[in-house]
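> what's the 3D shape of this:
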Amino acid sequence: MKEKKKIFYGWWIVVVTFLLMTLIYAPIANLVSLFTLPVTKDLGFERSQFMNYFTIMALASMVTGPIAGKLMRKMDVRAYLTLFILLGGISFIGFAISTKLIHFYLFAVLMGAGLAGGAMIPASVLITNWFNEKRGLCLGIALSGTGFGGVILSPIVNSLIISNGWRSGYLLIGLLIIVVLVPLSIFVIRLNPADKGLLPLGGASIQSNQKTVLTGTSQRKALQSVSFWSLCLAILVGGVVVNSMLINLAPYLSDIGATAETAALLLSLGSAMVIVGKLLVGRVFDKAGLILTVLIISAGSIVSFLFIMKANVLVPAILYTIFSGVGATAVTVTPAYLTGALYGEKEYAGKYGVVAIFISLGAAIAPIVSGAVYNINHSYGLLLNVLIILAVVQFVLFFISVKTKPSFTNNTLDENIA
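Numbering: from 1, shown residues only. A predicted model of the protein is given here:
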């Protein structure tokens, strides 16, 4: 009776993965703008030259994804995670001591590796391994660390930059990553429930003559399916849909006459809605099924674009942040959840490593696509119309992926057969 009252160990995994996203992913993705002006003014770089590091980081993340997925299966997860956490932390410390563009570019490679191998992939793999029930909710909680990190770290780092300079901001982030996350990776993280003598939450009990085997298709079989590549294309398109308006938000609001106060409000609310959106969509995945959930996500993006057309008025501007928080989960909760739901837990890290390439690729090409569309008539109106069409395409691709998913077998085998 006492045993039943213990907290399921998987919830500690959720806490640590939340912190991985808070301290690694959020500073890389959400705090970029805090450093751009201080760094370029101090060192005399062109802004475009400096921001090339972000492209290098994204490319490094793409390359690292499949490699990290394989390493996570082969290495002790504690050694694996410690390695990539150190790469992430060292990259920020490296930025703090950089004096030339080439220094930022070189440390950006480590940053991309830390992002993919220390945050994106382990968060998704660990939650998938530990939870059959409430998987969507737990993914939502873990991945909401990105928004939480933006909300919490932005004012702290900004204040530090103002008072002590940009180098101190980078140094603080790097030290936080190493000091907080390395001990957690060593003493808390375990790859599978079996490592603690447990089953996943919601896992069926097994008899002594049976052993647990992970369900799902092999990575090779998944890569041979229409479903897998349709999922990857949906995530690629989703990356353009989600990121294009985010990176153009400030100039767009200025063009339509929104006040500086409205712009600041949207940026703040946007970070908060990212948290809400991930928690909500994770729960909807658990309760409403795949097709309905991806429809809600795609519709969220479409409705957000309709509201932002009137974002010079406060109420539509606020509604934009609410619906965009739902739409943004197309490239966060959705890839992680669908990879497990469609292809199973077997070789999940390898399969998600490939999927992660398209998450990074979508973010990398969003500035190129949005810039090309804007340059056609120098109007964000055309861009919004294109993004609405792409949100529809995104849903169609998700729909095809779900409907053509490969079948796989049961999760237990008789010991003699195995």
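
> dump the residue contacts of the residue most central in space within the chain.
By CA atoms, centre = their mean, the chain has its centre lying nearest to residue 332, at 4.2 Å. Counting by CB atoms under 8 Å, 6 or more residues apart in numbering, residue 332 touches 143, 146, 278. Where C-beta positions appear, they are placed from N, C-alpha and C, glycine not excepted.

> so where's the chain uncertain?
Counting by pLDDT under 70, the chain shows low-confidence ranges at 1-5, 204-214, 260-261, 264, 409-418.

> cutoff 50 now
1-3, 205-211, 410-418 (pLDDT under 50).

> so where does the residue nearest to residue 172 when sequence neighbours are not counted fall, helix or strand?
Nearest residue to residue 172, sequence neighbours excluded (CB to CB, 6 or more residues apart in numbering): residue 160, at 6.0 Å. Using DSSP states H and E, residue 160 sits within helix 145-164.

> Now that helix: buried residues?
145-151, 153-154, 157-158, 160-161 (16 or more other CB atoms under 10 Å).

> Next: stretch 357-369.
Buried residues in stretch 357-369 (16+ other CB under 10 Å): 357-367, 369.

> and if you look at stretch 30-43?
Neighbour-count burial for stretch 30-43 [16+ other CB under 10 Å]: 30-31, 34-35, 38-40.

> Then stretch 47-56?
50, 52-56.

> Among those, name the ones in helices.
50, 52-56 (DSSP state H).

> hmm, back to that, make JSON lines from the buried residues of stretch 357-369 and add distance to residue 181 to it.
Below are the buried residues of stretch 357-369 laid out as JSON lines (distance: CB to CB, whole Å):
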{"residue": "357", "distance to residue 181": "24"}
{"residue": "358", "distance to residue 181": "26"}
{"residue": "359", "distance to residue 181": "21"}
{"residue": "360", "distance to residue 181": "21"}
{"residue": "361", "distance to residue 181": "26"}
{"residue": "362", "distance to residue 181": "26"}
{"residue": "363", "distance to residue 181": "23"}
{"residue": "364", "distance to residue 181": "26"}
{"residue": "365", "distance to residue 181": "30"}
{"residue": "366", "distance to residue 181": "28"}
{"residue": "367", "distance to residue 181": "30"}
{"residue": "369", "distance to residue 181": "34"}
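
> Could you export these to JSON lines, including columns for secondary structure and distance to residue 166?
Converted to JSON lines, the buried residues of stretch 357-369 look like this (DSSP: H, G, I helix; E, B strand; the rest coil; distance: CB to CB, whole Å):
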{"residue": "357", "secondary structure": "helix", "distance to residue 166": "31"}
{"residue": "358", "secondary structure": "helix", "distance to residue 166": "32"}
{"residue": "359", "secondary structure": "helix", "distance to residue 166": "28"}
{"residue": "360", "secondary structure": "helix", "distance to residue 166": "25"}
{"residue": "361", "secondary structure": "helix", "distance to residue 166": "29"}
{"residue": "362", "secondary structure": "helix", "distance to residue 166": "29"}
{"residue": "363", "secondary structure": "helix", "distance to residue 166": "23"}
{"residue": "364", "secondary structure": "helix", "distance to residue 166": "24"}
{"residue": "365", "secondary structure": "helix", "distance to residue 166": "28"}
{"residue": "366", "secondary structure": "helix", "distance to residue 166": "26"}
{"residue": "367", "secondary structure": "helix", "distance to residue 166": "23"}
{"residue": "369", "secondary structure": "helix", "distance to residue 166": "30"}
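
> where does the nearest residue to residue 253 once chain neighbours are set aside land in three-state SS?
The shortest distance from residue 253 to any non-neighbouring residue, by CB to CB, 6+ apart, is to residue 263 (4.8 Å). Secondary structure for residue 263, judged by DSSP: H, G, I helix; E, B strand; the rest coil, is helix.

> about what we covered before: show me which of the buried residues of stretch 357-369 is closest to residue 288.
residue 359 (23.1 Å; CB to CB).

> Tell me how far that closest one lies from residue 302.
To residue 302, residue 359 is 21 Å away according to CB to CB, to the nearest Å.

> Ok, residue 244 next?
The gap separating residue 244 from residue 302 is 14 Å, by CB to CB.

> can you check residue 361 too?
Where residue 302 is concerned, residue 361 sits at a distance of 22 Å (CB to CB).

> just to revisit the earlier point, turn the buried residues of stretch 47-56 into CSV, columns for distance to residue 215.
Converted to CSV, the buried residues of stretch 47-56 look like this (distance: CB to CB, whole Å):
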residue, distance to residue 215
50, 46
52, 43
53, 41
54, 38
55, 38
56, 38
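
> helices or strands next to the strand or helix carrying residue 48 in the packing?
Per DSSP H and E, residue 48 falls inside helix 47-74. Applying 3 or more CB pairs under 8 Å, 6 or more residues apart in numbering; DSSP states H and E, one finds that helix 47-74 contacts helix 32-43, helix 77-97, helix 101-115, helix 121-130, helix 348-377.

> That helix versus helix 101-115: what angle between them?
30 degrees (axes from the mean of the first three to the mean of the last three CA atoms, to 10 degrees).

> Leaving out the residues flanking it, which one is nearest to residue 35?
residue 166 is the one closest to residue 35 (CB to CB, 6+ apart), at 5.5 Å.

> and that neighbour, what is it in contact with?
35, 38-39, 42.

> how far is stretch 88-102 from where the chain is centred?
Its chain's C-alpha centre and that of stretch 88-102 lie 23 Å apart, by CA atoms, centre = their mean, to the nearest Å.

> Buried residues, that stretch. List them.
Result for stretch 88-102 [16+ other CB under 10 Å]: buried residues 88-96, 98.

> Before I go, just wanted to say thanks for your time.
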